[in-house]
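>>> Provided below for reference: sequence and predicted model.
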Amino acid sequence: MLVLLTVLGLVLAAVHVVVNGFHDAPNALALPVRSRALTPKVGLVLSALVNAAGVFTAGWLLTDWIIPATPVPLNAVGSAALVCALASTIAWNVFTWWLGMPSSSTTALLGGLLGALLGARAVDLTEQDPLTAAVLSQLAVPLLVAPLLAYGLAWALVVPLLHLLRHSEPSTTTFRSQVVQATGAAAIAFGHGLTHGRRAVWVFTTLLLCAGLPVSAQGREPWILVLVAVGLAVGTLFGAWRIAYTLSSRMITIDPFRGAVAQGVAGFLLFLGGTLIPVAMSTSQTAAAAILGAGRQQRFHTVNVRVVRRVVLVWVVTVPVCGVVSATLLLALSPLL
């Protein structure tokens with residue numbers, strides 16, 4: 001059973017990496033493509049390469065690793081918990097893509113893993129309580145802290161930056177905004193590769209450790225890094241344009257200048273969160289919140305409140321939905337463990 005779970009887990013982990021790259025590509029590219037700072041093809045290739053660079057940077061240059069704080073037992077139960085969490089996360093990402101809603105893969109995986117471990121504890125397969133302060137803090141940062149910070153910073157920066165550019169020609173301001181948007185897209189993609197790449201490496205490494213295979217617990221196996229980097233890059237090249245349309249047009253209509261502010265804020269926070277202050281951050285929620293914050297500082301009302309409510313609702317239900325689905329799958333598997 002352990003061998004089957006390990007093989008299934010590795011396959012699901014690889015699929016999750018590709019789906020994650022596909023699902024999160026619009027976070028970096030929605031605004032630059034809409035403002036014509038980047039063409040769709042150039043944007044996807046740039047984002048794919050920078051995502052891969054982020055994975056390799058995290059693996060070979062950074063020492064602090066962003067890993068889930070949930071206590072995963074290194075046995076068949078741990079393998080089953082990861083399989084259930086990955087299955088629920090993949091299903092949720094595909095479902096939210098179909099709806100065109102930007103959702104957090106970070107909170108989806110954490111919620112799924114938490115639900116599976118709670119299910120395992122309910123049937124006495126593990127004695128550890130997964131609901132720890134560290135786990136709750138890892139959920140709070142991507143779900144609450146990062147979006148609120150991104151919204152506040154983007155909202156506050158629009159007026160002073162607009163004041164600095166008040167004497168510039170409109171064409172000059174637009175060109176500079178496009179340059180900032182393209183640079184911000186690279187920063188967002190790099191931050192995505194740093195954080196999501198490290199978490200994916202942790203998933204692969206933990207699955208192998210649960211199977212008792214010889215692998216470094218530090219997660220710096222070259223073949224794993226290459227697999228994750230290639231998976232994220234390939235997924236990014238497919239680009240989930242349904243979500244891009246929501247971010248750039250359905251949720252709010254935003255001009256190139258305010259789009260540049262949003263891209264700059266999101267890129268800065270994600271780069272900071274992946275390097276100097278390694279914390280788990282949601283690329284989707286950080287980027288979407290920055291867009292909303294900058295867009296609110298416009299003379300005319302351009303926010304589609306109905307769509308924003310749907311986006312926020314998706315964010316709120318991500319953890320419980322993935323947790324319940326994952327727990328149900330674990331309980332179904334429990335007689336075999």
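Perfect, I can see it now.
>>> Could you look up the SS state of Leu333?
Assigned with DSSP: H, G, I helix; E, B strand; the rest coil, Leu333 falls in the helix class.
>>> what's the neighbour count on the nearest residue to it once chain neighbours are set aside?
Excluding the flanking residues, the one nearest Leu333 by Cβ to Cβ, 6 or more residues apart in numbering is Ala80, at 5.1 Å. (Each C-beta comes from the backbone N, C-alpha and C, glycine too.) When neighbours are defined as other Cβ atoms under 10 Å, Ala80 has 28 of them.
>>> What's the mean pLDDT across the helix or strand containing Ala80?
In the assignment (DSSP states H and E), Ala80 maps to helix 76-99. For helix 76-99, the mean per-residue pLDDT is 95.
>>> What is the helix or strand just after it packed up against?
Downstream of helix 76-99, the next assigned helix or strand under DSSP H and E is helix 105-122. If you count contacts as 3 or more Cβ pairs under 8 Å, 6 or more residues apart in numbering; DSSP states H and E, helix 105-122 packs onto helix 2-34, helix 76-99, helix 133-140, helix 170-210, helix 283-296, helix 305-333.
>>> which helices and strands does the last one pack with?
Judged by 3+ Cβ pairs under 8 Å, 6+ apart, helix 305-333 is in contact with helix 76-99, helix 105-122, helix 283-296.
>>> nearest to Phe190, of these?
Phe190 sits nearest to helix 283-296 of all the helices and strands packed on helix 305-333, at 10.7 Å, using Cβ to Cβ.
>>> elements contacting that closest one?
In terms of contact count using 3+ Cβ pairs under 8 Å, 6+ apart, helix 283-296 is assigned the packing partners helix 2-34, helix 105-122, helix 146-164, helix 170-210, helix 256-274, helix 305-333.
>>> send the alpha carbons of it over as CSV?
Extracted C-alpha coordinates of helix 283-296, given in CSV (Å, rounded to 0.1, in the frame of the first residue of the first chain):
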residue,chain,number,x,y,z
THR,A,283,0.4,35.1,-5.3
SER,A,284,-3.2,35.2,-6.4
GLN,A,285,-4.6,37.1,-3.4
THR,A,286,-1.7,39.5,-3.1
ALA,A,287,-1.9,40.4,-6.8
ALA,A,288,-5.7,40.7,-6.8
ALA,A,289,-5.7,42.8,-3.6
ALA,A,290,-3.0,45.2,-5.0
ILE,A,291,-5.1,45.7,-8.2
LEU,A,292,-8.2,46.5,-6.1
GLY,A,293,-6.3,48.9,-3.9
ALA,A,294,-4.8,50.9,-6.8
GLY,A,295,-8.0,50.7,-8.8
ARG,A,296,-10.0,52.2,-5.9
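>>> Thanks a lot, catch you later.
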